[in-house]
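Participant: Using only what follows, build the 3D model:
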Amino acid sequence: MPDLGRAHRLAAILLLGFASGLPLALTGQAMQAWLTIDGVDFATIGFFGLVGIPYTFKFLWAPLMDRFEPPWLGRRRGWLVVTQAAIALILFMLSTLSPGERPLLFAQWAVLLAFLSASQDVVVDAYRADVLADKAEHGLGASLHVFGYRLAMIVSGGIALIWADQWSSWPRVYALMGTFMAGLTFVSLLLLPPVRGESRPLASSAEGELKGFLAMLAGVGAGYFLARNALLLLGLEPDSANHWIQLAFVMAEIACALPLAWWFARLVRFETLNASLAAYFAQSGAGLFLLLIVLYKLGDAFAGSLTTAFLIKGLEFSQAEVGIANKIIGIWLTIFGALIGGALMLRLRLYRALLLFGVLQLASNFGFYLIAVLGKGAWGSIAVPPFDWFVVSLNETASLDFLLLTVVAGENITGGMGTVALVALLMALCNKRFTATHYALLSALAAVGRIYVSPVAGVLTESVGWPAFYLFSVAVAVPGVLMVYWMRAPLRSLAGK
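Facilitator: Numbering: from 1, shown residues only. The predicted structure follows:
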């Protein structure tokens, strides 16, 4: 007789993976396509990648989501409903703006969208780790999460490009995505299974927690102020025409803000944050695991940081071609890779999976170098006839580049496999009492590459060109693979817990 409870839990993981993936592309690749169509230059598009900064800082407010419980719905479900409803509202707001005409205002709302999306991810990740109490379900749960996540990105990052091309309207696309998120909010409200034995929030002072959080924000402001003024004293200008100087300001401000935020939080005794971080760092090799998480997907992040702009503006593919090849077909291949990865992890230990999938990720980056050198049409093309699939249609025959399809296949299959292994690693490192904060910290570090390489990539491509940039993406993938091999003993020990 089938285990209906287990099926319900896994179906919830799939659904919430979809909810997590939907807004991500709308602050990333889909937004990049909108900016490209509006004629924004590569360097500025790269700086727009920083709207995703909240994804790398989410562990700083995750403790509040562990400490406070919205009324009536429980700690996990309550925060899910709040964040998903707010995401829907922000998407409707963005649909009324133009990034070309009001870039600063658009960026500000996009940052708020990323903040809410990152907050939703905090709860989704904690819910997944809590509801899958059996470690034997972690590999399958990670695979289903990636499946739902990537399926959503087909909608918001692939089908959305086709709709934008056909409707000549990105605002209309964003409004539709807001409608989807509103529907997901009601599903989360009514259909998610409860977490059995959910731990109670820490019995710390609510007033003290809020003071700690505000002190942390003050630390962020102080770090920004100090870094900015230090560079001004050196005679540098943040509005310089030199994009490398602009990049120096951004990176210095971020690098100074984070440690000061942590120091202020400790000074004022932000109890939940301090206790959860202390619990994580009590593990053997905790710092090395953090470094591994940052490095593991770094090469992958560089290769994919400006892919949409590269294909549309650099190689002059249409939005529909990019949507079909790089997004719809590509993301299905990522899902395929994730399912292969999940299946292989039933037989492979965590260490072997991370090493094998990491090598494959590295090798796939050579494909982008090849297409940058050979250019569009080098291997011929195949015709895609018009179709109408109700939710998406193609009104005339499209020509799909065969080299592009080959490169997309390799990159997305190996990327999906690597993501499954990384998610399994993050879940294994979490302490159940501080699931939200621990997973937020670990997944935030996993997103460092995806967010912070974007402005570097934009400036770098203008300086060295696309072929050299993609060779660089291969080089930065090497340290992550070497570190997996070096940490084989602690990885084997972790998988045996």
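
Participant: which one is the most centrally placed residue in the chain nearest to, not counting chain neighbours?
Facilitator: Among the residues of the chain, Ala447 comes closest to the average C-alpha position under C-alpha atoms, centre = their mean, at 5.6 Å. For Ala447, the nearest residue in space outside its immediate sequence neighbours is Tyr55; the separation is 4.3 Å by C-beta to C-beta, 6 or more residues apart in numbering. The way it works is simple: take the backbone N, C-alpha and C, and place the C-beta from them, glycine included.

Participant: That neighbour and Thr27, how far apart?
Facilitator: To Thr27, Tyr55 is 9 Å away according to C-beta to C-beta, to the nearest Å.

Participant: Between those two, point out the one with more neighbours.
Facilitator: Shown here are Tyr55 and Thr27; by other C-beta atoms under 10 Å, Thr27 has more neighbours (26 against 23).

Participant: what sits against the nearest residue to Ala215 once chain neighbours are set aside?
Facilitator: For Ala215, ignoring the flanking residues on the chain, the nearest one in space by C-beta to C-beta, 6+ apart is Val268 at 3.8 Å. When contacts are counted by C-beta atoms under 8 Å, 6 or more residues apart in numbering, Val268 is found next to 211-212, 215-216.

Participant: Could you rerun that using 7 Å?
Facilitator: By C-beta atoms under 7 Å, 6 or more residues apart in numbering, the contact set of Val268 is 211-212, 215.

Participant: Please report how far it lies from Phe213.
Facilitator: The gap separating Val268 from Phe213 is 9 Å, by C-beta to C-beta.

Participant: cool, Asp300 as well?
Facilitator: Using C-beta to C-beta, one gets 33 Å for the distance from Asp300 to Phe213.

Participant: Compare neighbour counts for the two and give me the winner.
Facilitator: When Asp300 is set against Phe213 and neighbours are counted by other C-beta under 10 Å, the residue ahead is Asp300, at 27 against 20.

Participant: On the pLDDT front, check that one for me.
Facilitator: Model confidence at Asp300, expressed as pLDDT, equals 85.

Participant: Equivalent analysis for Asn395, please.
Facilitator: pLDDT, the model's per-residue confidence, is 68 for Asn395.

Participant: Now do the same contact list for Leu144.
Facilitator: With contacts taken as C-beta under 7 Å, 6+ apart, Leu144 has the following neighbours: 10, 13-14, 17.

Participant: list the residues that contact both of Tyr55 and Thr27?
Facilitator: Contact criterion C-beta under 7 Å, 6+ apart; residues bridging Tyr55 and Thr27 by contacting each: Ala114.

Participant: re earlier: who wins on neighbours among the contacts of Val268?
Facilitator: Neighbours here are counted as other C-beta under 10 Å. On that basis the top member of these is Gly212, with 26 neighbours.

Participant: what bits of the stretch 201-350 of the chain have low per-residue confidence?
Facilitator: Counting by pLDDT under 70, the low-confidence segments of the stretch 201-350 of the chain come to 201-206, 208, 270-273, 276, 326-328, 331.

Participant: all helices for it, in order.
Facilitator: Under the criterion DSSP state H, counting those that start in this stretch, the stretch 201-350 of the chain carries helices at the ranges 206-233, 243-267, 271-281, 286-296, 298-304, 307-309, 319-322, 330-344, 350-364.

Participant: any idea of the angle the first one forms with helix 243-267?
Facilitator: Helix 206-233 and helix 243-267 are oriented at 150 degrees to each other (axes from the mean of the first three to the mean of the last three C-alpha atoms, to 10 degrees).

Participant: re the thing from before, among the helices of the stretch 201-350 of the chain, which is nearest Thr36?
Facilitator: Nearest to Thr36 among these is helix 307-309 (5.0 Å), distances taken as C-beta to C-beta.

Participant: Does anything pack onto the closest one? Which helices or strands?
Facilitator: Secondary structure elements in contact with helix 307-309, counted by 3 or more C-beta pairs under 7 Å, 6 or more residues apart in numbering; DSSP states H and E, are helix 29-37.

Participant: average pLDDT across the helix it packs on?
Facilitator: Mean predicted confidence for helix 29-37 is 84.

Participant: contacts for it?
Facilitator: Contact partners of helix 29-37, identified using C-beta under 7 Å, 6+ apart, comprise 45, 48, 99, 110, 156-157, 160-161, 164, 170, 308-309, 312-313, 319.
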